[in-house]
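>>> for reference, the sequence and a predicted model appear below.
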Amino acid sequence: MAAVRIEGLSKSFNGHTVLDIEALDIQNGEFFALLGPSGCGKTTTLRSIAGLAEPDRGRIVIGGHDVTTVPTAARNLGMVFQRYALFPHLTVAENIGYGLTEHKVAPSERDARVADTLALVGLPDFGARYPHQLSGGEQQRIALARAIVYRPDVLLLDEPLSNLDAKLRVTMRAELKRLHWSLALTTVFVTHDQQEALALSDRIAVMRDGKIEQIGTPSQIYEQPASIYVADFVGATNLLRDDGGRTIAIKPERVRLAAASGVDEPGVIVGVSYLGSAYSYLISVRGQQIEARTAQPVMFGGRAATSGDTVTVIFDPRDARVFP
């Protein structure tokens, strides 16, 4: 049985359809990402699962129970949003245990669950602190702790890392992955960041204009895009036109460069960039531009290739996706 099932879900605002999902199953214990640009419907999907947005039609089933008309508070969900919304006048422990107090959980059990959850997020000695005494990453962990202390059936995350700097986001990715592995908790994660989705998810749904364009594992989404849109949106991709008008999608890391000897129409390097983990070469060939990325600099005759050099562009057709 799927942990979350969506059937025929539709939502419109002012006559404009913002969500139209025929079917979606999220499995128990799965880390599932909803990926897409702003306005694609991913947050509306999450809010519908949470009960914060009422669909025009369709059903939402959680744990085998139809919750389409069930209030948010009765759905047993943990939620973390972009703004952590910690109570500034309460301590960390009081923030985490607030919902347990509201639900009349015995103080001894509440305190034990708060302590266990603080240890789980790696902040066992932070209970007496206040939110203003925490860094952004620590506040994010406390927001997570507050969401999972309930022992929810499903954890909903709406771009929870978007307010963190780049380095801290990478650190918190690892923390989310560790927590998910520790708890085996079904997690639905909304993001527009492709790297986050690829790094964290068991499966990804790429969304566009309220619809799901493709569902697959990270490697399937990246290596086997089902459409030009997915190929272009997920990771850097070269989109080339062949003589028959078809579009060829090839990832820059699958492209190799060689000396141009004996080639009728050699390419010309028009730009070289160092990206830290790779060298990026932009080549103009047959009126089109294609990027190649290599771990080491391309060498010709004992020197590094540079702008103005002529080259042969090579890739294995098996690494390309062809779209009519």
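Okay, I see it.

>>> so Ile250 is in contact with Phe323, correct?
No. When contacts are counted by C-beta atoms under 8 Å, Ile250 is not listed as touching Phe323 (11.8 Å). The C-beta positions use only the backbone N, C-alpha and C, and glycine is treated the same way.

>>> can you pull up the most central residue in this protein?
Geometric centre of the chain, nearest residue: Ala197, 2.6 Å, by C-alpha atoms, centre = their mean.

>>> you'd agree Pro37 is up against His192?
Yes. With contact defined as C-beta under 8 Å, Pro37 reaches His192; the gap is 5.8 Å.

>>> break this protein into its domains for me.
4-229, 237-323 (automatic domain parsing).

>>> same list, those domains, but as CSV with mean pLDDT please.
Listed next are the domains of the chain as CSV, based on pLDDT from 0 to 100:
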stretch, mean pLDDT
domain 4-229, 92
domain 237-323, 93
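
>>> looking at the ones you listed, which is buried most?
Most buried of these by mean neighbour count (mean count of other C-beta atoms under 10 Å) is domain 4-229; its value is a mean of 18.

>>> quick check: end-to-end length of that one?
26 Å (C-alpha to C-alpha, to the nearest Å).

>>> what's the spacing between it and its chain's center?
How far domain 4-229 lies from its chain's middle: 11 Å, per C-alpha atoms, centre = their mean, to the nearest Å.

>>> wait, doesn't Thr237 sit right on Lys251?
Yes. Contact criterion C-beta under 8 Å: Thr237 and Lys251 qualify, at 6.0 Å.

>>> could you pull out the strands for the stretch 51-200 of the chain?
57-62, 65-66, 77-80, 154-158, 186-191 (DSSP state E, counting those that start in this stretch).

>>> let's have those in a markdown table, adding distance to Ser277.
A markdown table is the format used below for the strands of the stretch 51-200 of the chain (distance: least, C-beta to C-beta, whole Å):
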| stretch | distance to Ser277 |
| --- | --- |
| strand 57-62 | 40 |
| strand 65-66 | 46 |
| strand 77-80 | 30 |
| strand 154-158 | 27 |
| strand 186-191 | 21 |
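
>>> which parts of the stretch 101-250 of the chain are helices?
107-120, 136-148, 166-183, 194-200, 218-223, 228-233 (DSSP state H, counting those that start in this stretch).

>>> could these go into JSON lines alongside distance to Gly271?
Output for those, formatted as JSON lines (distance: least, C-beta to C-beta, whole Å):
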{"stretch": "helix 107-120", "distance to Gly271": "47"}
{"stretch": "helix 136-148", "distance to Gly271": "36"}
{"stretch": "helix 166-183", "distance to Gly271": "24"}
{"stretch": "helix 194-200", "distance to Gly271": "23"}
{"stretch": "helix 218-223", "distance to Gly271": "24"}
{"stretch": "helix 228-233", "distance to Gly271": "20"}
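
>>> nearest to Thr294, of those helices?
Between Thr294 and these, the shortest separation by C-beta to C-beta is 18.4 Å, and it involves helix 218-223.

>>> which residues are in contact with the closest one?
With contact meaning C-beta atoms under 8 Å, 6 or more residues apart in numbering, helix 218-223 is reached by Ala197, Leu198, Ala199, Ser201, Ile204, Val206, Gln214, Val230, Val234, Gly235, Lys251.

>>> any idea which of these is closest to Lys104?
Nearest to Lys104, judged by C-beta to C-beta, of the contacts of helix 218-223 is Ser201 at 36.4 Å.

>>> dump the residue contacts of the residue lying closest to that closest one once chain neighbours are set aside.
Nearest residue to Ser201, sequence neighbours excluded (C-beta to C-beta, 6 or more residues apart in numbering): Ala33, at 4.0 Å. By C-beta under 8 Å, 6+ apart, the residues touching Ala33 are Val188, Phe189, Val190, Thr191, Glu196, Ala197, Leu200, Ser201, Arg203, Ile204, Ala205.

>>> sheet-wise, list the partners of whichever strand or helix holds Ala33 with their directions.
Element membership of Ala33 [criterion: DSSP states H and E] is strand 31-35. Strand 31-35 has the following sheet partners, assigned by DSSP bridges: strand 186-191 (parallel), strand 203-208 (parallel).

>>> got JSON lines for the ones you listed, with distance to Asp243 too?
As requested, the strands paired with strand 31-35 are exported to JSON lines (distance: least, C-beta to C-beta, whole Å):
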{"stretch": "strand 186-191", "distance to Asp243": "38"}
{"stretch": "strand 203-208", "distance to Asp243": "29"}
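
>>> which one, of those strands, ends up nearest to Val4?
Closest approach to Val4 among the strands paired with strand 31-35 is made by strand 186-191 (6.8 Å; C-beta to C-beta).
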